[in-house]
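In: Structure here, sequence nowhere to be found:
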């Protein structure tokens with residue numbers, strides 16, 4: 001798994017390098033078309049040579065991306081390639097007509113494109129190089145209109161920063177979702193998926209370095225009796241305490257995972273067989289107070305050379321330990337002690353609901369704020385005696401306060417059904433204001449003309465394409481209308497500005513689409529039980545809250561079913577954990593096949609399942625499920641009805657759990673293979 005993880009990292013680097021190469025070629029392709037189209041103007045042969053060199057360099061970077069991604073110097077190579085691209089764009093700007101000419105936007109355009117693919121620290125270097133290149137063109141090239149370089153540098157800089165910030169937010173969201181997908185929602189330990197990945201990673205390291213690794217498996221004594229006697233909530237608290245104590249006793253680089261139910265596993269890198277015995281005994285004594293357990297360990301490479309072999313050897317020793325120990329269920333005092341001994345956990349890097357939506361709503365507001373601030377700076381510092389100064393100030397203030405309202409109200413908008421029409425109205429108003437400001441300033445080739453196009457890349461990065469694309473087309477239409485009717489912008493100036501913005505918009509849309517795909521995958525992994533493929537505790541709680549809210553709005557009924565397999569512990573003890581896992585998968589699949597598609601099935605842990613019914617008689621469904629599942633295992637089912645037995649999950653769960661234990665038979669059910 002570490003090799004898989006390393007491969008994923010290298011693939012991510014490779015895609016970043018290839019994207020940088022493609023984005024580096026975009027300005028060169030635009031410049032080549034312009035050079036050929038204006039071949040009779042000065043310096044065209046030199047400009048064509050520069051564009052050819054830029055395209056060739058980008059092609060080499062794309063072809064070598066796989067090799068570069070495997071080196072430790074990949075980020076420096078990417079930064080060097082960005083520097084070459086910026087140098088080429090600067091040379092083209094100097095050979096043409098300076099920063100105010102058709103090619104003057106190539107440098108800031110390149111910076112915006114690189115902002116969505118480069119890591120933040122590396123991008124800071126690239127941004128600095130971009131400022132240096134742009135300043136060089138401004139000094140050496142033809143003299144631009146007053147304020148043109150200032151407005152363009154500030155405006156593109158703000159957009160590049162917002163794109164970088166948005167990309168960083170998406171990356172943080174994906175990272176936290178990835179962590180959630182590997183974490184057990186009850187105990188905070190690694191779940192089965194996360195633990196197996198760490199085991200494989202540490203074994204790969206140990207194999208290269210020749211160091212030992214020990215795997216310890218742990219199974220609580222008679223944990224089922226805790227649930228049966230004190231209820232599932234007490235059992236959950238005992239599991240949480242156990243995980244807490246296991247983490248407290250191990251080193252920082254050791255790993256604790258919950259395999260399912262009352263089964264835990266620990267990974268001890270750098271620990272040999274002799275030291276493992278000491279650790280096992282220390283853990284046994286630490287847990288004896290509240291949750292006595294059987295333990296088994298296996299060490300790489302002495303006991304096995306792969307993950308499956310270590311798990312098998314440790315599992316066999318665990319059952320040997322069970323056979324020689326006198327095992328007793330935790331007493332009521334021990335369960336109470338565990339409950340009182342749970343310490344508050346540290347802050348969790350959680351993923352908030354609507355977090356991405358909130359950022360995507362706020363970003364256009366920030367764009368409007370930064371654009372209007374730049375316009376006000378221009379009016380105050382450069383165009384103080386402009387004939388339309390008052391109108392530009394009024395429109396800028398309108399845009400500033402409208403953007404501020406969107407930023408302040410982003411959280412409310414993210415929860416409102418009015419979000420889409422209000423944001424569409426805001427975007428249209430923003431584009432119309434920018435077009436009016438550009439008209440008052442004398443045309444799109446004047447300093448404030450670029451404001452019409454600047455929001456487009458960020459909109460495409462943060463919004464769904466089917467929503468953002470019409471807005472982008474509207475902004476382009478506004479820009480073209482002003483460019484054709486006001487001022488004397490050349491056709492090439494209009495074409496290159498529009499094509500450059502379109503290239504940035506497509507790049508941002510592709511980046512946003514890829515990020516959305518990763519989010520969907522990680523969101524599913526973080527909310528689905530690794531073993532059974534039904535919702536885990538986290539996912540069920542979220543879906544439960546949403547469905548109950550919907551039921552209250554529509555007046556539709558709902559009921560919670562809590563299911564507990566009878567005698568499931570005997571399966572693990574008699575046939576091994578693999579047989580128990582297979583039974584749990586069968587139960588999950590059977591539950592999903594027996595309820596309606598809009599009902600929700602989840603596994604809270606161990607052999608405890610839950611079902612949220614939104615249609616039909618809950619008690620009748622419970623009887624039917626008991627009969628169907630009885631083909632392989634006995635099952636106890638508790639039912640609680642929304643509005644009758646409780647109004648939230650905790651209330652319904654308490655009632656359903658109590659009813660479940662009222663119907664339990666004194667002897668465990670026989671489980672058939």
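Out: Okay, I see it. Quantities reported herein were computed from a predicted structural model and do not represent experimental measurements.

In: what does the helix or strand containing residue 392 rub up against?
Out: Assessed by DSSP states H and E, residue 392 sits inside helix 389-408. Helix 389-408 is contacted from outside by 361-362, 364-369, 371-373, 375-376, 379, 383, 386, 413, 423, 426, 429-430, 433-434, 436-437, 440-441, 448, using C-beta atoms under 8 Å, 6 or more residues apart in numbering. In this view, the C-beta of every residue, glycine as well, is placed from N, C-alpha and C.

In: Of these, grab the buried ones for ChimeraX.
Out: Remark: buried members of those, expressed as a ChimeraX selection using 16 or more other C-beta atoms under 10 Å:
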select :361,362,364,365,366,367,368,369,371,372,373,375,376,379,383,386,413,423,426,430,433,434,436,437,440,441,448
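
In: among the contacts of helix 389-408, which are in helices?
Out: In this view, those that belong to helices under DSSP state H are 361-362, 364-369, 371-373, 375-376, 379, 413, 423, 426, 429-430, 433-434, 436-437, 440-441.

In: Extract the residue ranges of this protein that are flagged as low pLDDT.
Out: Under the criterion pLDDT under 70, the flagged ranges of the chain are 1-9, 173-174, 177, 344-354, 522, 573, 664-673.

In: so where do the strands sit in the stretch 501-650 of the chain?
Out: Under the criterion DSSP state E, counting those that start in this stretch, strands of the stretch 501-650 of the chain are mapped to 559-565, 600-605, 608-613, 635-641.

In: Direction included, what does the last one pair against?
Out: Looking back up the chat, that one is strand 635-641. strand 559-565 (antiparallel) (DSSP bridges).

In: what comes into contact with the partner strand?
Out: With contacts defined as C-beta under 8 Å, 6+ apart, strand 559-565 is touched by 227, 232, 544, 583, 587, 591, 607-613, 618, 621-622, 625, 629, 633-642, 649, 652-653, 656-657, 660, 664, 669, 671.

In: Tell me what angle that strand forms with strand 600-605.
Out: 40 degrees (axes from the mean of the first three to the mean of the last three C-alpha atoms, to 10 degrees).

In: For residue 67, identify the helix or strand it belongs to.
Out: Using DSSP H and E, residue 67 falls in helix 65-69.

In: For that helix, which helices and strands make contact with it?
Out: Counting by 3 or more C-beta pairs under 8 Å, 6 or more residues apart in numbering; DSSP states H and E, the packing neighbours recorded for helix 65-69 are helix 2-37, helix 74-95.

In: Check those helices for me and report the most buried one.
Out: helix 74-95 (a mean of 22; mean count of other C-beta atoms under 10 Å).

In: what is the orientation angle of the helix or strand following it with helix 2-37?
Out: On the C-terminal side of helix 74-95, the closest following helix or strand by DSSP H and E is helix 106-115. Orientation of helix 106-115 against helix 2-37 (the same axes, to 10 degrees) gives an angle of 160 degrees.

In: Go through the helix or strand just after helix 106-115 and flag the buried ones.
Out: Counting by DSSP H and E, the element after helix 106-115 in chain order, helix or strand, is helix 120-140. Buried residues in helix 120-140, counted by 16+ other C-beta under 10 Å: 122-123, 126-127, 129-131, 133-134, 136-138.

In: same deal with stretch 304-314?
Out: Buried residues in stretch 304-314 (16+ other C-beta under 10 Å): 304, 307, 310-314.

In: who touches it?
Out: Stretch 304-314 is contacted from outside by 196, 199-200, 203, 215-217, 265, 296-298, 300, 303, using C-beta under 8 Å, 6+ apart.

In: Return the subset of the residues you listed lying in strands.
Out: 215-217, 265, 296-298, 300 (DSSP state E).

In: Separate out the buried members of those residues.
Out: 215-217, 265, 296-298, 300.

In: coming back round to it: return the distance of the helix holding residue 392 from the chain's centre.
Out: Helix 389-408 sits 33 Å away from the centroid of its parent chain (C-alpha atoms, centre = their mean, to the nearest Å).
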